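J.: Structure for the following, please:
(chains A and B)
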2 protein chains.
Amino acid sequence: MFKSNFAVTYIDILAASQRLEGIAYHTPVLTSRQADEKALAHVFFKCENFQRSGAFKFRGAYNAISQLNKDQKQQGVIAYSAGNHAQAMALAGQLLTVPVTIVMPADAPVQKISATKGYGAEVIFYDRHTENREEISRKLANERGLTLIPPFDYPDVIAGQGTATKELIEEVGQLDYLFVPIGGGGLIAGAAIAAAHLSPGCIIIGVEPETGNDAQKSLQNGKIIKIPVPKTIADGAQTQCIGELTFPIIRTLVKDIVTVNDNQLREQMQFFAERMKIIVEPTGCLGAAAVSNRIIDVSNKRVGVILSGGNMDLKHLD
Amino acid sequence: MFKSNFAVTYIDILAASQRLEGIAYHTPVLTSRQADEKALAHVFFKCENFQRSGAFKFRGAYNAISQLNKDQKQQGVIAYSAGNHAQAMALAGQLLTVPVTIVMPADAPVQKISATKGYGAEVIFYDRHTENREEISRKLANERGLTLIPPFDYPDVIAGQGTATKELIEEVGQLDYLFVPIGGGGLIAGAAIAAAHLSPGCIIIGVEPETGNDAQKSLQNGKIIKIPVPKTIADGAQTQCIGELTFPIIRTLVKDIVTVNDNQLREQMQFFAERMKIIVEPTGCLGAAAVSNRIIDVSNKRVGVILSGGNMDLKHLD
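T.: Model (predicted):
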């Protein structure tokens, strides 16, 4: 087994996987001759866009909440997110009968607000131009005795996300490469730990939007670099910096971080919809766009790609 | 084994399945808790929308062309279709290096024309208001020595379509019900023969658009009833009557034929896109819409549903 001093080990991923059994979907792995022809490789798409709540985030959220003690569960949890972590936390809390509070910008898409409320969470709004969501969340957590579950920099969240890669490798076998989107680094950190154990030698490549390449810069500089909120259609990768727990894992286990631009993401989204008949949100297309555009030469290799989510406004497909 | 005097037996489906091995996709079977909650049942969606060329039609087309003799293959094949049979034939011909001619209405969607040409087929246009496509096709077939492969009333086509149900039952096990869209009846005829052998006792239900219920009328009247071209968004089910080979199979093996309306199809299409993140064309939604709307009580049953295709203009999703 791969040994490390990281916040998360393969044992944690294995335990998360047992907790998620029968609760999270074992999402299918899709292949496509047309995708293989574009990539000049054998590509395996792990469809986390089909995951409950529409993204891999459910794995980490459920694993994290299920690990709280009885008192913490009774008091409830809080998270700040305008995106997939919000819906994932709301659903996981509903399933575990733990009250969930989500701090969301007042101008978040109506669809996401109603989906989060639909799972029974309390939504608290803030003004993203004048207020700081982390401060608001911490204050509320203190006042109400809630446990804050951050979107990526949290061991049980990282371990949960690692289960997607565990399933992928268990289903398709050894991989030469694995391409993973990077926002805060929770998904790729879990993926890298799982792959190091199950497919040693698999080269892990992170993918970011061109305008939001903070993790690439961090890897290059050997320290966490913070950037202004990037402009990109990959809304799940608009994080300003990766985490203190995810960075050391990425630095050690991720071979390289590459970028794709919004046009490449749009083309990939269209390819998925028109050719493969699946809906993948822009952030979920990051890995696939890097492979299709052959940003790295993976000719004739066995290449895993994690499609991280599918939550988007369908009008963008037209 | 189920015995019959039908034009197709399970042996033919088995042979088709061997011919398609490694060529057609073994499409995945998806499940969804939300779909189960709507249906009050355990629903297994066989995703032929992910099949090569975007629909189950590839199975029958490839099986039919591959069975021709050397001379017939050299001379080429012809088909009339504005829809999925055209693209399926074009791709199957390309793979088998058999020249394909497709007779299409001059006003067919540009997308479908270019997809068919993209697979290397010759497209011949006709005026659907003044000309008869079957006559044109037969005339061309005679003049050029081409073999006409009709879209459904042809044993090798029916046998090929049956392989989808074979795969479904082999993957998920015995079914209580199987819901299948009906256009000309090729898919359901193959499905019914496969199910009779692999899951005896499985109740087969055909589903048509409300305005295009010719098969339902035929079943009720005990003879093939022809109707005017129906107005419906389910363009793959706008056939005016079922076939002379498919009817006896349907009459013997299909328990009932039910209908759904265009609004129910639209809702089902939205459900697939928004919740399950998959693109299913209106005709492909027929079976699922019948199950979701509980047209027949299938409470707590194991229900197979064939999603027949995914070729559609994405703007209809918005």
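
J.: Now do the strands in the stretch 151-300 of chain A.
T.: Ranges of strands within the stretch 151-300 of chain A are A:177-181, A:203-209, A:256-260, based on DSSP state E, counting those that start in this stretch.

J.: Just say which of those is most tucked in.
T.: Greatest average neighbour count among the strands of the stretch 151-300 of chain A goes to strand A:177-181 (a mean of 28), per mean count of other C-beta atoms under 10 Å in any protein chain shown. (C-beta placed from N, C-alpha, C; glycine too.)

J.: rewinding a little: redo the strands of the stretch 151-300 of chain A as TSV? Include distance to A:V100.
T.: Listed next are the strands of the stretch 151-300 of chain A as TSV, based on distance: least, C-beta to C-beta, whole Å:
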stretch	distance to A:V100
strand A:177-181	25
strand A:203-209	29
strand A:256-260	32
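
J.: could you list every residue that touches the residue in the stretch 151-300 of chain A positioned nearest to chain B?
T.: When scored by C-beta to the nearest C-beta, the stretch 151-300 of chain A has A:K277 as its residue closest to chain B, at 3.6 Å. Applying C-beta atoms under 8 Å, 6 or more residues apart in numbering or on different chains to A:K277 gives the contacts B:C47, B:N49, B:F50, B:G54, B:I278, B:I279, B:V280, B:G310.

J.: which SS state does A:F125 fall under?
T.: Assigned with DSSP: H, G, I helix; E, B strand; the rest coil, A:F125 falls in the strand class.

J.: Now it. Nearest residue, chain neighbours left out?
T.: Distances taken as C-beta to C-beta, 6 or more residues apart in numbering or on different chains place A:A106 nearest to A:F125, at 4.1 Å, with adjacent residues excluded.

J.: Count the residues that sit near that neighbour.
T.: Look at A:A106: counted by other C-beta atoms under 10 Å in any protein chain shown, it has 12 neighbours.

J.: Pretty sure A:R251 sits against A:N221.
T.: No - counting by C-beta atoms under 8 Å, A:N221 is not a contact partner of A:R251; they are 10.5 Å apart.

J.: Give me the contact list for stretch A:112-121.
T.: A:53, A:82-83, A:86-87, A:89-91, A:93-94, A:100-102, A:104, A:123, A:311.

J.: if we go to 6 Å?
T.: Defining contact as C-beta atoms under 6 Å, 6 or more residues apart in numbering or on different chains, one finds that stretch A:112-121 is touched by A:A86, A:Q87, A:A90, A:L91, A:Q94, A:V100, A:I102, A:V123.

J.: What's the ChimeraX line that selects buried ones from these?
T.: In ChimeraX, this line selects whichever of the contacts of stretch A:112-121 come out buried by 16 or more other C-beta atoms under 10 Å in any protein chain shown:
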select /A:86,87,90,91,100,102,123
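
J.: Serialize the contacts of stretch A:112-121 to JSON lines and add fields for distance to chain B.
T.: Shown next, in JSON lines, are the contacts of stretch A:112-121 (distance: C-beta to the nearest C-beta, whole Å):
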{"residue": "A:A86", "distance to chain B": "17"}
{"residue": "A:Q87", "distance to chain B": "12"}
{"residue": "A:A90", "distance to chain B": "15"}
{"residue": "A:L91", "distance to chain B": "10"}
{"residue": "A:Q94", "distance to chain B": "12"}
{"residue": "A:V100", "distance to chain B": "19"}
{"residue": "A:I102", "distance to chain B": "20"}
{"residue": "A:V123", "distance to chain B": "20"}
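
J.: Tell me which residues touch the spatially most central residue of chain A, please.
T.: Compute the mean C-alpha point of chain A, and by C-alpha atoms, centre = their mean the closest residue is A:L187, 4.4 Å away. For A:L187, the contacting residues are A:F56, A:Q161, A:V180, by C-beta under 6 Å, 6+ apart.

J.: Export these as CSV, with columns for distance to chain B and pLDDT.
T.: Output for those, formatted as CSV (distance: C-beta to the nearest C-beta, whole Å; pLDDT from 0 to 100):
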residue, distance to chain B, pLDDT
A:F56, 13, 98
A:Q161, 19, 98
A:V180, 19, 98
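
J.: Redo these as a markdown table? Include distance to A:D153.
T.: Shown next, in a markdown table, are these (distance: C-beta to C-beta, whole Å):
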| residue | distance to A:D153 |
| --- | --- |
| A:F56 | 16 |
| A:Q161 | 12 |
| A:V180 | 17 |
